[in-house]
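Q: How does the following fold in three dimensions:
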Amino acid sequence: MFSILSRSIPRRTLVQSVRYVSQKSTVPPKKKVKSARAKATPPPPPPPPAPETEATANAEPSPVPEPTNPLTGVPTLDFSPPEFQKESQTTGAKSSKGSLSTSERKRQFMGRVSLVLLGLALTGQTIYMGREWEEDELKAKKLKPEQAPSTRWGRTKERFTGIFNYFSDPAWPELLPPPYPPPHQKPYTLLLSIDDLLVTSTWDRQHGWRTAKRPGVDYFLGYISQFYEVVIFTTQPHYTAMPIIDKLDRYNFFILYRLFRDATRTVNGKIVKDLSYLNRDLSKVILLDTHPEHVETHPENSIVLPKWKGDPKDKGLVAMIPFLESIAIYKPADVRPVLKAYAGKDIPLEYAKVEAEMKAKHVAEWKAKHKSIGPGFSFGSALGLSTTPGLPKDQAPPTYLEFKRQEAQQHYKEEMKYINDNKEELERLLAQDQQMMNAQVPGTLLEAMDQIMGNAPPPAAPGAAGTTVPISGSPAAGTSSSQASPTQEAKA
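A: Predicted coordinates for the structure are as follows:
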C-alpha cells in the first residue's frame with residue numbers, strides 16, 4: 001500500500017507533510033525549575049542584531065531541521081492532530097440573573113418577613129424575661145426575695161438558664177404530699193438511704209447479685225418509726241429499689257414514703273438529694289446517708305455514716321437509735337444546731353458520754369435532795385402513790401429520757417406482737433391488694449390507650465371491693481403508688 005501511495009503522491013510533497021506533522025507533535029523539552037536566586041537575577045540583555053547586508057538579504061532561508069526524538073535521535077513520525085483553540089460561542093439566550101419568577105420573589109419576600117418576625121419575637125422574649133420576680137415563680141425556683149437576682153440582666157439570665165433545668169432538677173416541685181394535720185403528723189422527718197446503710201449488695205459469677213440486710217435493720221425501722229416520719233430516699237431507680245423496700249417493710253407499717261432516682265438533682269455532674277424540694281420544714285428534717293456528695297446542698301441537715309460492707313457483727317445502725325430518739329423526745333425547735341455540734345464526730349460514742357453525764361448529774365441531784373428530806377420519804381409515798389413501783393428506796397428514779405424510752409420499747413413490743421398474731425390476715429390482705437393492682441394493668445393496647453385518655457379503669461375483680469387509703473404517697477408526689485397498709489385495714 002505504501003508503494004501505491006508513493007506513486008500517486010510526489011515524494012517531495014509527502015516528505016514535507018510528514019515533517020510538518022512531526023514538528024507540530026514533538027513534545028517540547030521540560031523547562032528546568034530555576035531556584036529562587038536565579039529568578040531574582042535579571043536575564044542578560046540580548047545581543048544587538050547584526051547589520052543586514054546584500055548577501056544575507058539575497059540568501060535563501062536555511063531548511064528547517066527535521067524533528068527528532070531527543071532520546072534516540074531518530075526522526076519521529078507522530079501523527080497526533082494539533083489542538084485547535086475553541087472559540088467561545090454564544091447561544092443568544094438571555095441570562096436568568098436578575099429576572100426571577102413571581103413565585104420566587106414571593107418566596108424570598110416571605111423568608112425575609114419570617115426572619116424579621118423571628119428577630120422581633122426573640123427581642124420581645126428577652127425583654128419579657130427581665131421582668132420583676134413573682135411570688136409563685138420564686139417559690140417554684142426555691143429562691144428567697146433577698147437571694148434572687150435584682151438586676152434585669154440577672155433576672156433574664158436566671159430565667160434563660162432555668163429552661164435547661166428540666167434535665168437536672170427533680171421530676172416534681174414537691175416530692176412529698178402536704179403533712180397530715182396534728183396530731184397525726186409526726187413532728188420530725190427522717191430520710192434514709194439504702195445503699196451501704198440499710199443493705200449492701202454483692203455480685204459474683206456463681207450467684208449474681210445478692211443483697212444482705214444490715215444487722216438490726218428491722219428493729220431500727222420498727223422502733224424509730226414511732227418518733228419520725230420515715231422516708232426512703234435513694235439514688236436507685238424504682239425498679240431496683242422497690243423490691244428491696246418491700247422486703248424491709250412488707251406490710252407498709254414503718255416506711256411512709258419512697259423517693260427514687262427521679263427525685264434527685266444533678267449538680268456539676270453529681271447526684272444530689274436537694275431537701276428544698278421535700279415540702280417539709282427543714283428545721284425538722286434529718287438525712288442519714290453514706291455518700292458525702294449526696295448531701296452537698298444541705299450538709300447541716302445530714303449525718304454521713306461509714307459504709308457497711310457486710311460485717312455480720314456490725315452495730316453501727318442500732319447505735320444511732322439513742323441519739324435519734326433523744327431528739328424526738330426532747331423536741332428541739334431546730335435540729336440543725338444539734339447536728340452541727342456532732343459534725344465530724346463518732347455520734348454514738350459522743351452521745352453516750354453526754355447521756356452518761358446527764359444520768360450522773362440526775363443521780364447526784366436526787367441524792368442531795370433525798371438526804372435533805374430524809375430517807376424513805378417522798379411526796380408520792382406521803383399521798384399513797386408510787387411513781388416507780390418495784391424500785392428500791394435508795395435508788396434514783398429513771399430520767400425523763402429513760403422513762404420515754406421504756407414507753408417506746410413497750411409500744412414496739414406490742415406492735416410486733418400484733419403483726420405476729422395477725423400475720424395470716426395481713427398476708428391475705430396483701431395478696432388481695434396485689435390482685436387489685438394486677439387487675440388495673442391494661443391487658444391490651446386499647447385498654448392502655450383508654451387509661452391514657454383518662455377513661456374509667458376496668459372493674460375490679462369480685463370480692464376485691466373495699467376502701468383503701470394510700471399511705472405510700474402518690475405518683476404525682478414522687479412516691480410509690482402502693483395501696484393501703486394491710487395492717488391498717490385489719491385494724492379498721
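Q: Glu357 belongs to a helix, doesn't it?
A: Yes - counting by DSSP: H, G, I helix; E, B strand; the rest coil, Glu357 is found in a helix.
Q: Just the pLDDT at it, thanks.
A: At Glu357, the pLDDT value in this model is 94.
Q: And it, how far from Ala140?
A: 47 Å (C-beta to C-beta, to the nearest Å). For glycine as for every other residue, the C-beta is placed from the backbone atoms N, C-alpha and C.
Q: Quick check: which element contains Asp394?
A: In this assignment (DSSP states H and E), Asp394 forms part of neither any helix nor any strand.
Q: Could you check the pLDDT of it?
A: 70.
Q: do the same with Thr487
A: 39.
Q: Also the one 3 residues further on?
A: Among the per-residue scores, Ala490 shows a pLDDT of 38.
Q: Quick check: mean pLDDT of the host helix or strand of Leu138?
A: Using DSSP H and E, the element containing Leu138 is helix 135-140. Computed over helix 135-140, the mean pLDDT rounds to 81.
Q: again, but for stretch 425-437
A: Here the average pLDDT along stretch 425-437 is 90.
Q: before we move on, the earlier item: what residues does the helix holding Leu138 touch?
A: Here helix 135-140 makes contact (C-beta atoms under 8 Å, 6 or more residues apart in numbering) with Lys144, Pro145, Ala148, Pro173.
Q: Leu198: which of those is nearest?
A: Pro173 (27.7 Å; C-beta to C-beta).
Q: If we ignore the residues flanking it in sequence, what's nearest the closest one?
A: Computed as C-beta to C-beta, 6 or more residues apart in numbering, the closest residue to Pro173 that is not its neighbour in sequence is Ala140, at 5.8 Å.
Q: returning to that earlier point: could I get the contacts of helix 135-140 in CSV, plus columns for neighbour count and secondary structure?
A: Shown next, in CSV, are these (neighbours: other C-beta atoms under 10 Å; DSSP: H, G, I helix; E, B strand; the rest coil):
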residue, neighbour count, secondary structure
Lys144, 9, coil
Pro145, 9, coil
Ala148, 15, coil
Pro173, 14, coil
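Q: now those as JSON lines including pLDDT and distance to Val304?
A: Output for the contacts of helix 135-140, formatted as JSON lines (pLDDT from 0 to 100; distance: C-beta to C-beta, whole Å):
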{"residue": "Lys144", "pLDDT": "78", "distance to Val304": "27"}
{"residue": "Pro145", "pLDDT": "81", "distance to Val304": "32"}
{"residue": "Ala148", "pLDDT": "84", "distance to Val304": "31"}
{"residue": "Pro173", "pLDDT": "85", "distance to Val304": "27"}
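Q: Most widely separated two among those residues?
A: Pro145 and Pro173 (18.3 Å).
Q: Could you measure from Gln226 over to Asp281?
A: Where Asp281 is concerned, Gln226 sits at a distance of 20 Å (C-beta to C-beta).
Q: Show me which of the two is the more surrounded one.
A: Gln226 (17 against 12; other C-beta atoms under 10 Å).
Q: Could you chop the chain up by domain?
A: 106-166, 188-343 (the TED database).
Q: Between the two ends of the shortest one, how far is it?
A: This points to domain 106-166. 40 Å (C-alpha to C-alpha, to the nearest Å).
Q: Ok, stretch 203-215 next?
A: 20 Å.
Q: can you pull the buried residues of it?
A: Arg214, Pro215 (16 or more other C-beta atoms under 10 Å).
Q: Residues contacting that stretch, please?
A: 197-202, 244, 247-248, 308, 310, 312-315, 317-318.
Q: low-scoring stretches of the stretch 301-450 of the chain, by residue?
A: Along the stretch 301-450 of the chain, the model assigns pLDDT under 70 to residues 372-393.
Q: Recalculate using a threshold of 90.
A: Counting by pLDDT under 90, the stretch 301-450 of the chain shows low-confidence ranges at 310, 344, 365-397, 433-450.
Q: quick one: the strands in it?
A: 302-304 (DSSP state E, counting those that start in this stretch).
Q: all helices for it, in order.
A: 321-330, 336-341, 347-373, 379-382, 400-421, 423-440, 445-452 (DSSP state H, counting those that start in this stretch).
Q: For these, please prepare TSV with the additional fields mean neighbour count.
A: Listed next are those as TSV, based on neighbours: other C-beta atoms under 10 Å:
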stretch	mean neighbour count
helix 321-330	18
helix 336-341	14
helix 347-373	13
helix 379-382	10
helix 400-421	13
helix 423-440	14
helix 445-452	12
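Q: Relative to Arg152, which of the ones you listed is closest?
A: helix 336-341 (35.3 Å).
Q: what's in contact with the closest one?
A: By C-beta under 8 Å, 6+ apart, helix 336-341 touches Leu282, Ser283, Ile286, Glu300, Asn301, Ser302, Ile303, Ile327, Pro332.
Q: Just the buried ones among those, please.
A: Among the contacts of helix 336-341, the ones that count as buried (16+ other C-beta under 10 Å) are Ile286, Asn301, Ser302, Ile303, Ile327.
Q: from the residues you listed, which two are the most distant?
A: Ser302 and Ile327 (14.1 Å).
Q: returning to what we had before: any chance of the helices of the stretch 301-450 of the chain in a markdown table with distance to Thr189 as columns?
A: As requested, the helices of the stretch 301-450 of the chain are arranged in a markdown table below (distance: least, C-beta to C-beta, whole Å):
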| stretch | distance to Thr189 |
| --- | --- |
| helix 321-330 | 11 |
| helix 336-341 | 13 |
| helix 347-373 | 18 |
| helix 379-382 | 38 |
| helix 400-421 | 18 |
| helix 423-440 | 26 |
| helix 445-452 | 33 |
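Q: and Asp218, which of the ones you listed is closest to it?
A: Set against Asp218 and scored by C-beta to C-beta, those come closest in helix 400-421, at 9.3 Å.
Q: for the closest one, packing partners?
A: helix 217-224, helix 321-330 (3 or more C-beta pairs under 8 Å, 6 or more residues apart in numbering; DSSP states H and E).
Q: so what's Pro442 up against?
A: Contacts of Pro442 (C-beta under 8 Å, 6+ apart): Ala448, Asp450, Gln451.
Q: which residues touch Tyr166?
A: With C-beta under 8 Å, 6+ apart, Tyr166 has no contacts at all.
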